[in-house]
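*Asks:* I'd like to go over a predicted model; first the sequence, then the structure.
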Amino acid sequence: MPHKAAFHQALVDLTAQIAGRPLDSELQDWLNQTHGPASTAYARLKAACVVGVEEGWLCDREGGGIRYGRVFKADDALNRFSVDVVDMQDIAGPHHSHPLGEIDLIMPLTGGATFDGHPAGWCVYPPGSAHRPTVAQGRALVLYLLPEGQIQFTR
């Protein structure tokens, strides 16, 4: 799967730039300035996600109206981040917390789609945060980077 391998390499390069940094608003600002919607990196990641969904190796599961899937487990090559991608349209997902934080790349597929009120770009949740992920005003793909793959779904 050449597209999946290229996607993995792009994430290896990205996670190398964020490894060891606190998951906070400063990181969110840096990601949006450096790798935001007007950047080549953003365009490349979004295109790879669209192709991955089309080829079936991304978002290969479905539940509750949400397509999702963990494409890469946390490993040393990815600087201990796991990679998940969801495909959501006008829906709220299951409530969960992020013991070590979460970094999200928001990629609207229909104009104006938002994720937790954020437009296209990056959103960073600090360690210990929680939310019910919500896509509104259309359809979006959202890429999640989770340190050590840690996520805790609320019962």
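*Replies:* It's in.

*Asks:* Mind jotting down where the helices sit in this protein?
*Replies:* In the chain, the helices defined using DSSP state H lie at 2-18, 25-35, 40-55.

*Asks:* for those helices, which one sits closest to Glu102?
*Replies:* Nearest to Glu102 among the helices of the chain is helix 25-35; the distance by CB to CB comes to 11.1 Å. Quick note: C-beta positions are derived from backbone N, CA and C, even for glycine.

*Asks:* Using PDB, write out the CA atom coordinates for that closest one.
*Replies:* This file holds the C-alpha atoms of helix 25-35, laid out as PDB (Å, rounded to 0.1, in the frame of the first residue of the first chain):
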ATOM      1  CA  SER A  25      -2.500  26.200  23.400                       C
ATOM      2  CA  GLU A  26       1.100  27.200  22.400                       C
ATOM      3  CA  LEU A  27       1.400  23.900  20.500                       C
ATOM      4  CA  GLN A  28      -2.000  24.500  18.900                       C
ATOM      5  CA  ASP A  29      -0.900  28.000  17.800                       C
ATOM      6  CA  TRP A  30       2.400  26.600  16.400                       C
ATOM      7  CA  LEU A  31       0.700  23.800  14.500                       C
ATOM      8  CA  ASN A  32      -1.900  26.200  12.900                       C
ATOM      9  CA  GLN A  33       0.900  28.700  12.000                       C
ATOM     10  CA  THR A  34       3.300  26.000  10.700                       C
ATOM     11  CA  HIS A  35       1.000  23.300   9.400                       C
END
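
*Asks:* just to revisit the earlier point, the helices of the chain into CSV, with extra columns for mean pLDDT?
*Replies:* Listed next are those as CSV, based on pLDDT from 0 to 100:
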stretch, mean pLDDT
helix 2-18, 95
helix 25-35, 98
helix 40-55, 96
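
*Asks:* To Phe72, which of these lies closest?
*Replies:* Smallest distance to Phe72 across the helices of the chain (CB to CB): 6.3 Å, for helix 2-18.

*Asks:* buried ones in that closest one?
*Replies:* Residues of helix 2-18 classed as buried: Lys4, Phe7, His8, Leu11, Val12, Leu14, Thr15, Ile18 (neighbour count, 16 or more other CB atoms under 10 Å).
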